[in-house]
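Participant: give me coordinates for this.
(chains A and B)
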Amino acid sequence: QKEVEQNSGPLSVPEGAIASLNCTYSDRGSQSFFWYRQYSGKSPELIMFIYSNGDKEDGRFTAQLNKASQYVSLLIRDSQPSDSATYLCAGETSGSRLTFGEGTQLTVNP
Amino acid sequence: GAVVSQHPSWVICKSGTSVKIECRSLDFQATTMFWYRQFPKQSLMLMATSNEGSKATYEQGVEKDKFLINHASLTLSTLTVTSAHPEDSSFYICSAREGQVNYGYTFGSGTRLTVV
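Facilitator: Numbers count the residues shown, from 1 in each chain, chains lettered A, B, ... in the order given. Down below sits the predicted model:
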């Protein structure tokens, strides 16, 4: 079982819609979770991180963490074509190690 | 916010030669930096954790003699790919973290290595 798994893509949504990205993790010792956006040929950009159960909102982005279910999600409201990218979920374990999921490719259609 | 500078952005080298990649934290001190490798259409794989003033910690399966890491100061870590071969061609990315829990990890811009 992979330590961090993301829902299989690619995901395609129309402009203005809500994009929902999901991630599960196997290591209950994981403390914090990060969502990164990566454009083709570029390095990852941090969108947000979460370490407490519940929701965390930042602009059009909302991260959700459920430690009991070992589940992390990212919602993107009012999706824009510029949001089209690969989204990477990462869990932080002891020693400040980040383990990444395979990524979900999102396409927002105008 | 925290900025991590990585150079070069891309490099092409001949098989058997060595390549050095630099990673600098520009506006903060990073006692720990991380080196990742990413193959096309795949996710990031942690190669090693670079610790200032001490030996790097390598992930299982990563050859420490091939991927030399030096973290001589609080703002600079280097990765040297020795005796590079075509299978080493990849996207190498470093990252660092400013502060502790309340900050995310910042990534450098990455280095595209092509070994011919």
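
Participant: tell me which parts of chain A are close to chain B?
Facilitator: A:32, A:34, A:36, A:41-46, A:48-49, A:51, A:88, A:95-103 (CB under 8 Å from any CB of the partner chain). Yep, even glycine has a C-beta here, placed from its N, CA and C like the rest.

Participant: just the buried ones from these, in PyMOL syntax?
Facilitator: This is the PyMOL syntax for the buried subset of the residues of chain A next to chain B, where burial follows 16 or more other CB atoms under 10 Å in any protein chain shown:
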select buried, chain A and resi 32+34+36+43+44+46+48+49+88+97+98+99+100+101+102+103
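
Participant: which of the residues of chain A next to chain B fall within strands?
Facilitator: Residues of those located in strands (DSSP state E): A:Ser32, A:Phe34, A:Tyr36, A:Glu45, A:Leu46, A:Met48, A:Phe49, A:Leu88, A:Arg97, A:Leu98, A:Thr99, A:Phe100.

Participant: the third one reaches A:Glu45, doesn't it?
Facilitator: This points to A:Tyr36. Yes. At 6.2 Å, A:Tyr36 counts as touching A:Glu45 under the criterion of CB atoms under 8 Å.

Participant: who's in contact with stretch B:24-31?
Facilitator: B:2-6, B:33, B:51-52, B:74-77, B:96-99 (CB atoms under 8 Å, 6 or more residues apart in numbering or on different chains).

Participant: number of residues surrounding the nearest residue to B:Thr80 once chain neighbours are set aside?
Facilitator: Distance criterion CB to CB, 6 or more residues apart in numbering or on different chains; nearest residue to B:Thr80, sequence neighbours excluded, is B:Leu68 at 4.2 Å. The number of residues packed near B:Leu68 is 16, by other CB atoms under 10 Å in any protein chain shown.

Participant: C-alpha coordinates for whichever strand or helix holds B:Leu68, CSV please?
Facilitator: In the assignment (DSSP states H and E), B:Leu68 maps to strand B:67-73. Coordinates of each C-alpha in strand B:67-73 appear next as CSV, following Å, rounded to 0.1, in the frame of the first residue of the first chain:
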residue,chain,number,x,y,z
PHE,B,67,24.8,11.4,-5.4
LEU,B,68,27.1,13.4,-3.2
ILE,B,69,25.5,16.0,-0.9
ASN,B,70,27.3,18.8,0.8
HIS,B,71,25.6,21.2,3.2
ALA,B,72,28.5,23.4,4.3
SER,B,73,26.5,26.4,5.4
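
Participant: need the residues that contact the helix or strand bottoming out on mean pLDDT in chain B.
Facilitator: Between all helices and strands in chain B, the lowest mean by mean pLDDT, DSSP states H and E belongs to strand B:105-107, at a mean of 89. The contact list for strand B:105-107, computed with CB under 8 Å, 6+ apart, reads A:34, A:36, A:43-46, A:98, B:1-4, B:34, B:93-98.

Participant: what lines up beside the lowest-mean-pLDDT helix or strand in chain A in the sheet?
Facilitator: Least confident element among the helices and strands of chain A, by mean pLDDT, DSSP H and E: strand A:97-100 (a mean of 88). Using DSSP bridges, strand A:97-100 pairs in its sheet with strand A:85-93 (antiparallel).
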